[in-house]
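K.L.:
Give me a 3D structure for the following:
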Amino acid sequence: MSAEAPQPPASSFAPLRQKVFAVLWAATIIGNVGSFMRDVASAWLVTDLSGAPAAVAMVQAAATLPVFLLAIPAGVLSDILDRRRFLIAVQLMLGVVSLSLMSLSLSGLLSVSSLVALTFLGGVGAALMAPTWQAIVPELVAKADLKSAVALNSLGINIARAIGPALGGLILAAFGAGITYGADVASYIVVVGTLIWWRRAPDNDDALSERFGGAFRAGLRYARASRELHLVLLRAAIFFACASAVWALLPLVARNLLGGGASFYGVLLGAVGAGAIIGAIVLPRLRGSLDADTLLLLSAVVTAAVMAALSFSPPQWHAVVILLLLGMAWIVALTTLNGVAQAILPNWVRGRALAVYLTVFNGAMTVGSLGWGAVAEAAGIQGTLLIGAAVLFVAGLIMYRVKLPKGEADLAPSNHWPEPLVAAPVENDRGPVMVLIEYRVPKTEREAFLKVIRALSAERRRDGAYGWGITEDSADPEKLVEWFVVSSWAEHLRQHRRVSKADADLQSEVARFHAGPGAPVVRHFIHLDSPHRPGTPRQGAEV
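P.N.:
As a prediction, this is how the structure comes out:
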């Protein structure tokens, strides 16, 4: 094992040997370059239309609010629709948004309200697209290359972040906002053409495929029951809400504190992207000596120092160096939190749970942008940066005590549950279904058994149960019955597919307490309603 240690750097680019992944990866870089160019034009243009900090922050919020509102539905759609066609439709929508911005800008009709509205629509497209791009990666590379592919996606975004803002600033300064928006339109043509070229295998029909409503509820149910995910979401919300001050006010920092123009603002954003690339390169070495909690604390301290330094109006070239540090800290925080989230999520709910993470991320950025914009109206830009730096530094120290999960559990499906015994085929929409598992536990073992089985309750809820409990037989106190309820027969069959190897180990630990003959007895009870003709769906039934 130790002899293989030097090899990972060479294998980091292994996914690029897969032609489809390499082509789509290059296309996403081009598309993201165009998006960053559009964002630079919009962020700078609003300072021409209105120099008020609230207006600048409103444009920033309009870009992130749709992701906060729509990330979870988008994650569901990415699981139930043809992902290739869905991505093409979203890219065409985004192309129309940029075409509208170009037309209004060239005609001189663009206002703050229309800029905010079109920025919001662009955010809607980004919200619909983000979970789907993440979900297609396992289709494009071998399982052994999946982590490298995810890392390459992050690197691609930051390559675009380094090129797009600087190029956008140059085009903006030389030719104006209309041409900058036009360059973004051209980037969508490239991405759509690439997606049309990709011949994705059609999805297989599955009798247990989820519909939107059921998949949406299953994703939320998982998010509610996963304490590990809660810890990641809490750390992300606190960090990004505090750190959003520098992003919300950066256009005004560039113009008012640093005395720069549109091209200089693009250079600053390019410095952030370049810093992120440097951070992505050195991060593997940092991980070798620092754990995830320390990396996140380091990111908070560096970001707070950047905000404090910018508040003192440093020379422009000093500011470029400072923004390099911001990019390094930002990519360390993003990659650390996203990596932990990926490590704790099973494949069946990965898209939806990552959508919850994106919702929290963008919600924190949205609320933070609006909040820091309001603070800047009262305290000024310099004062707000100093306040934000102090808040982020203190929050980083406090949150360091809230440890992130290790993400070391084996979440691959165990497939160890036997098929349920049925007297006759059961319709998928029948439900609710109550599952009873009967254990015989000696009184001397009861306390230890209850401690372990209560840990199992979270797993039952994550995998689809909306009710859970443990009861005893009044006539025989050593007979204990675990029960849980799922919405339909189909949902219970999905549970069979969702149980991970880590969950199987926990279930084996529970079964170890069973002192009766054979294995614990499992029974399934299906709700019996009014007379019902077989084959006729019930009103409100879910599959």
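
K.L.:
Distance from the longest strand anywhere in the chain to the middle of the chain?
P.N.:
When the chain is parsed with DSSP state E, its longest strand is strand 476-486. Distance of strand 476-486 from its chain centroid, counting by CA atoms, centre = their mean, to the nearest Å, is 37 Å.

K.L.:
That one: which residues count as buried?
P.N.:
Leu480, Val481, Glu482, Trp483, Phe484, Val485, Val486 (16 or more other CB atoms under 10 Å). C-betas here are computed from N, CA, C, even on glycine.

K.L.:
looking at this, Thr471 is in a strand?
P.N.:
Yes: assessed by DSSP: H, G, I helix; E, B strand; the rest coil, Thr471 belongs to a strand.

K.L.:
what number of residues lie near it?
P.N.:
11 (other CB atoms under 10 Å).

K.L.:
what's the distance between Ala389 and Ala274?
P.N.:
Note on Ala389: its distance to Ala274, by CB to CB, to the nearest Å, is 22 Å.

K.L.:
Which secondary structure elements does the helix or strand that Ala305 is a member of sit against?
P.N.:
Element membership of Ala305, judged by DSSP states H and E, is helix 292-311. The elements that helix 292-311 packs onto, with contact taken as 3 or more CB pairs under 8 Å, 6 or more residues apart in numbering; DSSP states H and E, are helix 227-252, helix 262-289, helix 316-343, helix 350-399.

K.L.:
can you tell which of those helices is closest to Pro131?
P.N.:
Nearest to Pro131, of all the helices and strands packed on helix 292-311, is helix 350-399, at 4.8 Å by CB to CB.

K.L.:
low-confidence ranges in the protein?
P.N.:
1-12, 51, 143-144, 146-148, 151, 202-210, 413, 529-543 (pLDDT under 70).

K.L.:
Domain map for it?
P.N.:
15-201+210-399, 433-526 (automatic domain parsing).

K.L.:
now do the same end-to-end measure for the longest one.
P.N.:
In this case it means domain 15-201+210-399. 35 Å (CA to CA, to the nearest Å).

K.L.:
What of the last one?
P.N.:
Between the start and the finish of domain 433-526 there is a gap of 5 Å, counting by CA to CA.

K.L.:
Show me what the strand or helix carrying Ser78 is packed against.
P.N.:
Here Ser78 sits within helix 53-80, counting by DSSP H and E. Using 3+ CB pairs under 8 Å, 6+ apart as the contact test, the elements touching helix 53-80 are helix 19-49, helix 112-140, helix 212-225, helix 227-252, helix 350-399.

K.L.:
The longest strand of the chain versus helix 212-225: what angle between them?
P.N.:
130 degrees (axes from the mean of the first three to the mean of the last three CA atoms, to 10 degrees).

K.L.:
follow-up on the earlier one: okay if I get the helices and strands packed on helix 53-80 as JSON lines plus distance to Ala519 and mean neighbour count?
P.N.:
Below are the helices and strands packed on helix 53-80 laid out as JSON lines (distance: least, CB to CB, whole Å; neighbours: other CB atoms under 10 Å):
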{"stretch": "helix 19-49", "distance to Ala519": "45", "mean neighbour count": "22"}
{"stretch": "helix 112-140", "distance to Ala519": "34", "mean neighbour count": "20"}
{"stretch": "helix 212-225", "distance to Ala519": "25", "mean neighbour count": "19"}
{"stretch": "helix 227-252", "distance to Ala519": "29", "mean neighbour count": "23"}
{"stretch": "helix 350-399", "distance to Ala519": "31", "mean neighbour count": "21"}
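
K.L.:
Send me the longest strand of the chain as CSV with only the CA atoms.
P.N.:
The C-alpha trace of strand 476-486 is given here as CSV (Å, rounded to 0.1, in the frame of the first residue of the first chain):
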residue,chain,number,x,y,z
ASP,A,476,-43.5,-10.9,28.1
PRO,A,477,-41.1,-7.9,28.9
GLU,A,478,-38.2,-9.7,27.1
LYS,A,479,-40.1,-9.6,23.8
LEU,A,480,-39.3,-6.2,22.3
VAL,A,481,-40.7,-5.0,18.9
GLU,A,482,-39.2,-2.4,16.7
TRP,A,483,-41.6,-0.8,14.3
PHE,A,484,-41.3,1.7,11.5
VAL,A,485,-43.7,3.1,8.9
VAL,A,486,-43.0,4.0,5.2
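
K.L.:
Paired strands for that strand, with orientation please.
P.N.:
Sheet partners assigned to strand 476-486 using DSSP bridges are listed as strand 433-440 (antiparallel), strand 467-473 (antiparallel).

K.L.:
contacts for that strand?
P.N.:
431-443, 446, 449, 453, 456-457, 460-461, 464-473, 492, 495, 515 (CB atoms under 8 Å, 6 or more residues apart in numbering).

K.L.:
just the buried members of these?
P.N.:
431-435, 437-441, 449, 453, 456-457, 460-461, 464-466, 468, 470, 492, 495.

K.L.:
Quick one, which of the domains of the chain gets closest to Ala423.
P.N.:
Evaluated over these, closeness to Ala423 peaks at domain 433-526, with 10.8 Å, by CB to CB.

K.L.:
Could I get the buried residue list for the host helix or strand of Ile189?
P.N.:
Following DSSP H and E, one finds Ile189 within helix 177-197. The neighbour-count check on helix 177-197 (16+ other CB under 10 Å) flags 177-185, 187-188, 190-192, 194-195 as buried.

K.L.:
and which of these is nearest to Ile322?
P.N.:
Relative to Ile322, the closest of these is Thr180; by CB to CB it sits at 25.5 Å.

K.L.:
tell me the contacts of that closest one?
P.N.:
Counting by CB under 8 Å, 6+ apart, Thr180 has contacts Met37, Arg38, Val40, Ala41, Gly168, Ile171, Leu172.

K.L.:
Please produce TSV containing the residues you listed, extended by distance to Ile159.
P.N.:
Converted to TSV, these look like this (distance: CB to CB, whole Å):
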residue	distance to Ile159
Met37	14
Arg38	17
Val40	16
Ala41	20
Gly168	14
Ile171	18
Leu172	20
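
K.L.:
just those now: which is nearest Ser113?
P.N.:
Lowest distance from Ser113 to the contacts of Thr180 (CB to CB) belongs to Ala41, with 17.0 Å.

K.L.:
What is the neighbour count of Asn256?
P.N.:
17.

K.L.:
circling back to that earlier point, reformat the domains of the chain as JSON lines; add distance to Trp417.
P.N.:
Listed next are the domains of the chain as JSON lines, based on distance: least, CB to CB, whole Å:
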{"stretch": "domain 15-201+210-399", "distance to Trp417": "14"}
{"stretch": "domain 433-526", "distance to Trp417": "5"}
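
K.L.:
Nearest to Pro420 among those domains would be which one?
P.N.:
That would be, of these and by CB to CB, domain 433-526, which comes in at 5.1 Å.

K.L.:
so what's Arg217 closest to, chain neighbours aside?
P.N.:
Closest residue in space to Arg217, ignoring its immediate chain neighbours: Ser487 at 7.7 Å, by CB to CB, 6 or more residues apart in numbering.

K.L.:
got a list of what the one you found touches?
P.N.:
Gly214, Arg217, Gly431, Pro432, Val433, Gly464, Tyr466, Glu542.

K.L.:
right, and the fourth one touches Ser488 too?
P.N.:
Yes: with contact defined as CB atoms under 8 Å, Pro432 counts as touching Ser488 (7.1 Å).
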